[in-house]
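**Student:** My questions concern the predicted model and sequence given below.
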Amino acid sequence: MSGKAILETPAGAVYRDVIDLEKVKAIHKPMATEQHSRYADGNTAAAYACLQMWRMPVYVGFPITPSTKWLETVASVVGSGQVGKKSVKLMEAEHAVADYMTGVAAGCRDLIVATATSSVGLDHMTESTRSLGASGLGNVMLVNVYRATANYPLCIEGDPSDTLAHRDDGWIQVSCRGAQQIYDTVIQMPCVGMHPDIMTPTMPGYFGIKDSHRSSRLIVETDEAINAFHDAWIPTAPYPGLINGDTAMGNCVTSRHFQGFKINQRCRMERVFDRITEIGKAFETTFGRKGLELVESLYGKPGADLTIVGMGPDMGTAASMAAEWERRHGMSVQVLATRLLTPFPSAEYARLLNGSNGVLVVNHAHHYGSGHLTADIAQSLYASPTKPSIVPCFAGMGGADLSDATWSMMVQHAFNGIRQGTAMVPPVVVHEGRVVWPS
Amino acid sequence: MEIKDRLNGILQDAVLEMRGDGKAGSGMQLAIQSVAAAAVEDPTLFVQEWPFFSSARKGAPTRGFLRLSRKPILKSSEITHPHIVLLMDEGVTHFVDFAEGVGEEGIFVANTKLSPDEVARRYHLTGTVVTIDGDGISSKHLSKPLGNISVFAILMELLPGFDPESARERLRYILKKRNLPSVLVEKNITIYNESLGQGKMALCREAKAGEHQTKAFDGYGDLVPGAQSRLRLSRTNHTAAYARTGYVLHFEDPTHQCTGCGHCIMNCPENIIRFVPDPKKGLQVTGADISSYCKLCRECIEICPKDLFSEVPKLEVLS
């Protein structure tokens, strides 16, 4: 530390040369010098994306199924020396992981620190995730491998009740499906979180087992291309880190200022809508694959008679069956998969659902109302001039399979709801082609 | 050749689906993953592969799924009507119907000493049955019954779009990636080579009408808090499947040597030791209910002061 470049800001002093970024960059050894295809599951895809970033010299973790393979993969690759001198910190529990990430991220806002966790692992971090959400440390990324968090009885399969329980922690949450989308999303998330307009930590997520353990072809980009993309989108952090003592986590303010900080946090979050779309388009231009977007359209067009909204790989099954439903029911169908969960892109859903007679909302997570996603969709539609019937269903809780029969039953249920013209049909739980609740 | 053409047709126009049943540690996932890894070599093939398992240890029943197509694969649900099924370990047949949902043109690949006709008769199969004694070949080279490499070899011969020669190199690469010592890699390659051309095939019609149909979901029953323990609800938690295939726990006490110490009862993790009250000893152990949950953990064998428990071969385990 030479102390040559001390820049005073309203929030404290920035010591630009505390960590020499050029040296950090020089230490990184590329994993891929040529674009290539390989076979990978979701956890491996997420780990590879992290390993290819020169800005990520430290990986932190505590194993929990089904996210463990992310940690195993980064540990194995880092241990082999393949990506240069980096370190993996295995902590004593998840709370310590979150605290450690805070320290690393605060130590240098220009570097990225990541972990992966699931279910009660995420719950265990809660005290820190809420502080982190408000901290402005957009260089923290938590890969959330979804697993049921209503943990009695224990279930190791994937439902997004963990991520949905953390909607208000202050993180940018994006849902993915399939190894390629997971890889691409993890690459793009720091560009969103570290954007000077946003500075908010990121939480990309995907279904445990259904995607964490499902393998398919993965196109691995070169480290050079990934880091060039980051260099284009991640400017030098304009705010101080915390190690210089100017600021600290956990400082107490009075209510006079608390609200002000929250308003600022919210304003940063609302800028995500525009930035995520810009970054997604730039990713598509650079890599030729669809980048981040607010909502993923898998089948059909806005204005379809029935729109189906849900999360994760099961939406692919819906898309594969949609043409058959159109023939069978004589109505058009649109299938949408969630991408941005927090902040929820209500305006985009209102646009996509405009003209639909009904919307089938498939909720994978236990909820005492009509479902987390249903509540968000209902709010999105509240100000719309045309309001489709909302048909909430629960399916796939605890990671249960959404079979063809289950999908067909839900769609039949939705068409019945549309015909009745009810504003919102009472929720049902569907499994293996049967409505199992209410019985 | 006829089978390969038929499968190729499915591959071109639809999605070829495969499902496998085995036990954790039997190598089934490696066999299916190896097919998927080989498929990625062909840029025109789309592939999807994933396992299903519970929170269980080595020996628990596991399932593997594979989809292959020349078109992008959107579907992500479990495979319920596979074109091909694998049976990696006959021990799982007590707990799952590996042939469930398979149509009349289905292909069954079984790791067994039995002939295709014998397998078809035993499990009531209609379709093309291919058998290979993978455990036998593996035992010869690795001193372990691991039939997965042989099954992989059979699949490389059966599936369209794969070349057994280049698959051998892919297998070598996969095994090296798993940090297997080179001597073991080469032994596995020897098993692969020896397995090529060794599959026995027959067209069989042994299924009775309605057999192996996908069973309709019949609800959850009356669940109360704690029921996950009381009712042992997971379909894969029939822990007897964890036991070494072909062996069972045996209790023998013709001269009433049981001291009534109760150590076997306290140490049994599955609560399956049977006993009756005894006015002098307090209790008298009469045996163990090994039907569903004895995983041969050997706790009772180790702890009994009179050596009344033992592990014995179950000759008719597959009948």
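**Tutor:** Ah, there it is. Numbers count the residues shown, from 1 in each chain, chains lettered A, B, ... in the order given.

**Student:** Strands along the stretch 151-300 of chain B, start to end?
**Tutor:** B:200-205, B:247-251, B:273-278, B:282-288 (DSSP state E, counting those that start in this stretch).

**Student:** could you redo these as JSON lines and give each row distance to residue A:397, mean neighbour count and mean pLDDT?
**Tutor:** The C-beta positions use only the backbone N, C-alpha and C, and glycine is treated the same way. Formatted as JSON lines, the strands of the stretch 151-300 of chain B follow (distance: least, CB to CB, whole Å; neighbours: other CB atoms under 10 Å in any protein chain shown; pLDDT from 0 to 100):
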{"stretch": "strand B:200-205", "distance to residue A:397": "40", "mean neighbour count": "15", "mean pLDDT": "97"}
{"stretch": "strand B:247-251", "distance to residue A:397": "37", "mean neighbour count": "18", "mean pLDDT": "92"}
{"stretch": "strand B:273-278", "distance to residue A:397": "36", "mean neighbour count": "14", "mean pLDDT": "94"}
{"stretch": "strand B:282-288", "distance to residue A:397": "36", "mean neighbour count": "17", "mean pLDDT": "95"}
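
**Student:** Which one, of these, ends up nearest to residue A:310?
**Tutor:** For residue A:310, the closest of the strands of the stretch 151-300 of chain B is strand B:200-205, at 41.7 Å, according to CB to CB.

**Student:** Each with direction, which strands does the closest one pair with?
**Tutor:** strand B:126-132 (antiparallel) (DSSP bridges).

**Student:** other SSEs contacting the following helix or strand past the strand it pairs with?
**Tutor:** Using DSSP states H and E, the helix or strand that follows strand B:126-132 in sequence is helix B:134-142. Identification of packing neighbours for helix B:134-142 by 3 or more CB pairs under 8 Å, 6 or more residues apart in numbering or on different chains; DSSP states H and E yields helix B:148-158, helix B:182-195.

**Student:** what helices or strands is the longest one leaning on?
**Tutor:** Contact here means 3+ CB pairs under 8 Å, 6+ apart; on that basis helix B:182-195 packs against helix B:134-142, helix B:148-158, helix B:164-177.

**Student:** looking at those helices, which is closest to residue A:304?
**Tutor:** Nearest to residue A:304, of all those, is helix B:148-158, at 40.9 Å by CB to CB.

**Student:** tell me the mean pLDDT over the closest one?
**Tutor:** The pLDDT scores in helix B:148-158 average 96.

**Student:** ok, residues contacting it?
**Tutor:** Under the criterion CB atoms under 8 Å, 6 or more residues apart in numbering or on different chains, residues B:3-4, B:7, B:26-28, B:30-31, B:34-35, B:38, B:84, B:86, B:88, B:107, B:109, B:111, B:130, B:132-134, B:137-138, B:162-164, B:167, B:171, B:188, B:191-192, B:195-199 lie in contact with helix B:148-158.

**Student:** Give the PyMOL command for selecting the buried subset of these.
**Tutor:** The PyMOL selection below is limited to those of these classed as buried (16 or more other CB atoms under 10 Å in any protein chain shown):
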select buried, chain B and resi 3+7+26+27+28+30+31+34+35+38+84+86+88+107+109+111+130+132+133+134+137+138+162+164+167+171+188+191+192+195+196+199
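
**Student:** just the helices and strands packed on helix B:134-142: most buried one?
**Tutor:** Counting by mean count of other CB atoms under 10 Å in any protein chain shown, helix B:148-158 has the highest mean neighbour count of those, with a mean of 25.

**Student:** Pull the distance from that helix to the chain's centre.
**Tutor:** For helix B:148-158, the gap between its own C-alpha mean and the chain's C-alpha mean amounts to 16 Å (CA atoms, centre = their mean, to the nearest Å).

**Student:** could you check the angle strand B:126-132 makes with it?
**Tutor:** 130 degrees (axes from the mean of the first three to the mean of the last three CA atoms, to 10 degrees).

**Student:** C-alpha coordinates for helix B:148-158, PDB please?
**Tutor:** Extracted in PDB, the C-alpha atoms of helix B:148-158 (Å, rounded to 0.1, in the frame of the first residue of the first chain):
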ATOM      1  CA  ASN B 148     -21.500 -50.700 -15.200                       C
ATOM      2  CA  ILE B 149     -18.700 -50.800 -17.800                       C
ATOM      3  CA  SER B 150     -20.200 -53.800 -19.400                       C
ATOM      4  CA  VAL B 151     -23.600 -52.200 -19.600                       C
ATOM      5  CA  PHE B 152     -22.000 -49.100 -21.100                       C
ATOM      6  CA  ALA B 153     -20.400 -51.200 -23.700                       C
ATOM      7  CA  ILE B 154     -23.700 -52.800 -24.600                       C
ATOM      8  CA  LEU B 155     -25.300 -49.400 -24.900                       C
ATOM      9  CA  MET B 156     -22.600 -48.200 -27.200                       C
ATOM     10  CA  GLU B 157     -23.400 -51.100 -29.500                       C
ATOM     11  CA  LEU B 158     -27.100 -50.600 -29.200                       C
END
